[in-house]
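Chemist: One predicted model, sequence on top.
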Amino acid sequence: MSAQAKPAETAPETPPPFKSWGLSVRGLTKHFGGVYAINGVNLDCKEGEIVGLIGPNGAGKTTLMNIVSGTMAPTSGAVYLDGTPFAPSSAVDCAERGIARTFQNIRLFKRLSVRDNIRVAAVTRARVKRAPIDEAFIDELIGFIDLGALAGSPAGALPYGHQRRVEIARALALRPRVLLLDEPAAGMNEQETEALTGTVRAIRDRYGCGIVVIEHDLTFIMQVSQRLYVMHLGALLTEGAPQAVRHDPRVIEIYLGRKK
Ligand SMILES: Nc1ncnc2c1ncn2[C@@H]1O[C@H](COP(=O)(O)OP(=O)(O)OP(=O)(O)O)[C@@H](O)[C@H]1O
């Protein structure tokens with residue numbers, strides 16, 4: 001575990017959240033006792049945008065995602081949807097507002113079938129929207145992740161890469177406006193990771209959501225992201241087009257551990 005940045009003496013400048021459709025966080029800070037897991041972070045993800053979030057271990061990426069997805073409250077700062085602040089208080093609250101996520105360590109119901117795993121989220125969506133369960137959309141998602149032949153199989157019996165796809169489909173069953181993917185390529189082989197790039201783009205194109213991806217696999221994140229944020233010791237180090245970020249000497253030094 002690395003030492004964390006101390007809070008800034010003067011609060012970092014926090015530009016207002018954009019007013020168009022999408023997610024913004026402004027001045028987001030979380031400390032655990034003396035440890036600043038994140039400190040004054042700003043981030044935007046607009047409709048149809050794929051945004052990458054990278055940084056060394058302990059940079060604060062998952063803490064940020066935990067706050068946005070309602071599993072952790074911030075110490076200070078705010079989360080906005082369409083420019084309006086909201087305090088994500090639970091996963092169901094987030095689902096209602098259109099935020100869904102996957103987890104670093106896959107959290108499927110291993111004994112339930114692929115279809116039932118996705119259906120669980122479809123049921124949540126139906127409850128919060130007081131609408132019927134969209135069985136046709138469940139079928140569409142099973143087709144989208146190309147697991148039609150395995151729809152009745154227990155999720156826990158599937159290869160790892162397949163399980164990741166089921167988890168993504170389960171998140172999509174909430175019909176999110178913003179999808180948060182926490183290390184979706186972790187544990188995948190090269191072929192699966194390559195396919196995942198196509199899947200993430202296809203999600204954006206087909207379902208129109210904004211997507212925030214945390215990932216340590218640099219090749220994957222450079223390929224898939226339209227914009228990239230880099231965190232280090234709880235703070236935002238830089239943000240920009242992947243190619244520009246890749247050649248930023250500060251990023252090379254802190255993230256890749258060497259100077260150019
Ligand atoms: N519940 C907690 N209690 C105390 N410290 C925590 C807690 N959660 C996170 N931290 C600390 O906050 C910092 C940021 O952790 P976080 O998991 O957000 O980083 P990360 O960038 O996601 O790392 P990784 O890439 O290893 O997943 C770390 O120093 C971590 O030890």
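Modeler: Structure's in. What do you need?
Chemist: any idea how far the spatially most central residue of the chain is from the ligand?
Modeler: Geometric centre of the chain, nearest residue: residue 180, 2.1 Å, by CA atoms, centre = their mean. Note on residue 180: its distance to the ligand, by CB to the nearest ligand atom, to the nearest Å, is 12 Å. Backbone N, C-alpha and C define where each C-beta goes, glycine included.
Chemist: same question, residue 109
Modeler: 24 Å.
Chemist: just residue 43 next, same as before
Modeler: Taken as CB to the nearest ligand atom, the span from residue 43 to the ligand is 13 Å.
Chemist: looking at the sheet around that residue, what are its partners?
Modeler: Beta-bridge partners recorded for residue 43 (DSSP bridges): residue 25.
Chemist: Put the alpha carbons of stretch 132-146 into CSV.
Modeler: Output in CSV follows, covering the C-alpha atoms of stretch 132-146 (Å, rounded to 0.1, in the frame of the first residue of the first chain):
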residue,chain,number,x,y,z
PRO,A,132,-43.0,-5.6,-16.3
ILE,A,133,-39.9,-7.7,-16.5
ASP,A,134,-38.4,-7.2,-20.0
GLU,A,135,-37.9,-10.9,-20.9
ALA,A,136,-37.2,-9.9,-24.5
PHE,A,137,-34.3,-7.6,-23.4
ILE,A,138,-32.8,-10.5,-21.4
ASP,A,139,-32.8,-12.6,-24.5
GLU,A,140,-31.3,-9.8,-26.5
LEU,A,141,-28.5,-9.4,-23.9
ILE,A,142,-27.8,-13.1,-24.0
GLY,A,143,-27.4,-12.9,-27.7
PHE,A,144,-25.3,-9.7,-27.4
ILE,A,145,-22.7,-11.5,-25.3
ASP,A,146,-23.0,-14.5,-27.6
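Chemist: could you show me where the helices are in the stretch 51-200 of the chain, in order?
Modeler: Secondary structure of the stretch 51-200 of the chain, counting by DSSP state H, counting those that start in this stretch: helices at 61-68, 91-97, 114-129, 135-144, 160-172, 190-207.
Chemist: For this structure, what lies in contact range of the ligand?
Modeler: Selection of the chain residues close to the ligand by CB under 6 Å from any ligand atom yields 1, 4, 32, 35, 37, 55, 57-63.
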